[in-house]
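Visitor: I'd like to go over a predicted model; first the sequence, then the structure.
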Amino acid sequence: MSLEPRPGILDIKPYKPGAADAPGIANPVKLSSNENPMGCSPLARSAFEATSKNLNLYPDGGATRLRVAIGEANGLDPDRIVCGTGSDELLQLLGRAYLSPGDKVVQSQYGFLVYRLVAMQSGAELVSAEEKDFTADVDALVKAAGDDARIVFLANPNNPTGTYISHDDVRRLREALPESTLLVVDEAYAEYVDEPDYGTAFGLANEYDNVVVTRTFSKIHGLAALRLGWAYADKSIIDVLNRVRGPFNVNLPAIDAGIAAIKDTGFQQRSAEHNRQGLAFMRQQLGGMGLDVTPSVGNFLLVHFPETKGKTAADADAWLTSKGLIVRPVAAYGLPGALRITIGLDTDNRKVADALAEFMAA
């Protein structure tokens, strides 16, 4: 072929989402993508349906009404918010805007796979800083960043481990990084966290002009199908992102459903409480089987399996799939001995626990 892409593009392995099918089984239980098992806000669904009457119209290119609603809900300046097709798009826009070939990008050891894609798309070098107990290590991140990192990505809480670092540690990280380094704090699962030492990085974004905080509507709001996310940062960064994003990157149904979702605090609270109970149940059940479970504040658990033949993570995954229970292998993250299991409905959590109990006892 005479037409070749830019060097490095063909080295990228496309992101592989969580599986949705179990061969030979109708209506399997999907617990592979950290989706909200409670669906979405009824108000968001109604808003989406109402918008279907206006599908012939272009959306507001700046998603102004949605940014105002997000700002009101979080006490933030709407002019410092940009919306995107999921937070994934915003992460990639940051790479497009701020990375050049040869630049250094830093993440924690088990960071979200999209960070690697962002780096590779720009021809940048990705450096992973070792974690402690599957948790980001500020000192390791600072050392890896040195004085020349262009972007440091921190998922807090992290996917796929479910662990987090305190607000004080996030501040310590920002203060230890050079002014020339952009700190991107990915808070996709922040709404699930109720730990007293956890805090959003919005305040740091107000204080520093080189901090970006990203959020998503895919998790606690249950709008994964609409692909909707947002970022908060200094106006200088928002201006840059608005220059590189598409002119109508957020569709009208997503805007209207997002406005309704952000206002439905009752649904958010019910989702968070359901998740707290589900985490506790699954932790107790799986721990009782002798499985090692990494403490999680997200809506999923990282479960570690023995290396014993017949009891490995791959064996467990095959067993669960045969029962119509789909979870997420995480070998791509460097965790071949673990599975990530989304917290589902109570009945689905029980099915997974019972199936794994049978698997471990066999």
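Guide: Here it is on my side, so go on. Numbering: from 1, shown residues only.
Visitor: The residue positioned nearest the centre of the chain and Asn159, how far apart?
Guide: Centroid check for the chain by Cα atoms, centre = their mean gives Ala188 as the closest residue, at 4.4 Å. Using Cβ to Cβ, to the nearest Å, we find Ala188 at a distance of 7 Å from Asn159. Bear in mind the C-beta positions are built from the backbone N, C-alpha and C, glycine included.
Visitor: now do Gln268
Guide: The gap separating Gln268 from Asn159 is 19 Å, by Cβ to Cβ.
Visitor: ok, how many other residues are close to Gly18?
Guide: 16 (other Cβ atoms under 10 Å).
Visitor: in the stretch 201-350 of the chain, what spans have low per-residue confidence?
Guide: For the stretch 201-350 of the chain, applying pLDDT under 70 flags no range at all.
Visitor: Next, please give the residue ranges for the helices of it.
Guide: 202-207, 235-244, 252-263, 265-288, 313-322, 346-361 (DSSP state H, counting those that start in this stretch).
Visitor: Now for Met360, how many residues are close by?
Guide: Met360: 17 neighbours (other Cβ under 10 Å).
Visitor: same thing with Glu49?
Guide: By other Cβ under 10 Å, the residues close to Glu49 number 12.
Visitor: Check Pro329 too.
Guide: Per other Cβ under 10 Å, the neighbour tally for Pro329 reads 20.
Visitor: try Ala47
Guide: Ala47 has 20 neighbouring residues, counting by other Cβ under 10 Å.
Visitor: Check which helices and strands the helix or strand hosting it sits against.
Guide: According to DSSP states H and E, Ala47 maps onto helix 42-51. Contact analysis of helix 42-51 by 3 or more Cβ pairs under 8 Å, 6 or more residues apart in numbering; DSSP states H and E lists helix 252-263 as its packing neighbours.
Visitor: so what's the residue nearest to the centre of the chain up against?
Guide: By Cβ atoms under 8 Å, 6 or more residues apart in numbering, Ala188 lies in contact with Ser87, Ala155, Asn159, Thr214, Arg215, Thr216, Ser218, Lys219.
Visitor: you'd agree the second one is up against Gly111?
Guide: In this case it means Ala155. Yes - when contacts are counted by Cβ atoms under 8 Å, Ala155 is listed as touching Gly111 (6.0 Å).
Visitor: Look up how far Thr216 lies from the residue nearest to Phe134 when sequence neighbours are not counted.
Guide: With Cβ to Cβ, 6 or more residues apart in numbering as the criterion, Phe134 has its nearest non-adjacent residue at 4.3 Å, and that residue is Thr161. Using Cβ to Cβ, Thr161 is found at 18 Å from Thr216.
Visitor: Comparing these two, which residue is more hemmed in?
Guide: For the pair Thr161 and Thr216, the greater number of neighbours falls to Thr161 (29 against 24), based on other Cβ under 10 Å.
Visitor: before we move on, back to that, adding distance to Val297, write the helices of the stretch 201-350 of the chain out as JSON lines.
Guide: As requested, those are exported to JSON lines (distance: least, Cβ to Cβ, whole Å):
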{"stretch": "helix 202-207", "distance to Val297": "18"}
{"stretch": "helix 235-244", "distance to Val297": "27"}
{"stretch": "helix 252-263", "distance to Val297": "21"}
{"stretch": "helix 265-288", "distance to Val297": "8"}
{"stretch": "helix 313-322", "distance to Val297": "22"}
{"stretch": "helix 346-361", "distance to Val297": "17"}
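Visitor: for those, which one sits closest to Lys104?
Guide: In terms of Cβ to Cβ, the element of these nearest to Lys104 is helix 235-244, at 19.1 Å.
Visitor: Any idea how many residues pack against Leu3?
Guide: Leu3 is flanked by 4 other residues according to other Cβ under 10 Å.
Visitor: now do Glu207
Guide: 12.
Visitor: Just the strands from the protein, written as ranges.
Guide: Under the criterion DSSP state E, strands of the chain are mapped to 29-30, 81-84, 104-108, 125-129, 149-155, 182-186, 211-216, 229-233, 292-294, 300-304, 325-326, 328-330, 335-342.
Visitor: Please enumerate residues in contact with stretch 282-300?
Guide: 34, 36, 133-134, 157, 159-164, 189, 192-195, 198, 219-220, 275, 278-279, 301-305, 340-343, 349, 352-353, 356-357, 360.
Visitor: among those residues, which ones are buried?
Guide: Buried by 16 or more other Cβ atoms under 10 Å: 34, 36, 134, 157, 159-164, 189, 192-193, 198, 219-220, 275, 278-279, 301-303, 305, 340-343, 349, 352-353, 356, 360, out of the contacts of stretch 282-300.
Visitor: contacts for stretch 197-209?
Guide: Applying Cβ under 8 Å, 6+ apart, the contact partners of stretch 197-209 are 74, 76, 80, 156, 164, 166-168, 170-171, 174, 183, 185, 187, 190, 211-213, 232-234, 236-237, 297.
Visitor: ok, now which ones touch Ile238?
Guide: Contacts of Ile238 (Cβ under 8 Å, 6+ apart): Asp79, Arg80, Ile81, Val82, Ala231.
Visitor: The residues you listed: which two are farthest apart?
Guide: Pairwise distances among these were taken by Cβ to Cβ; the largest, 12.7 Å, belongs to Asp79 and Ala231.
Visitor: okay, these two: which has more neighbours?
Guide: Ala231 (25 against 14).
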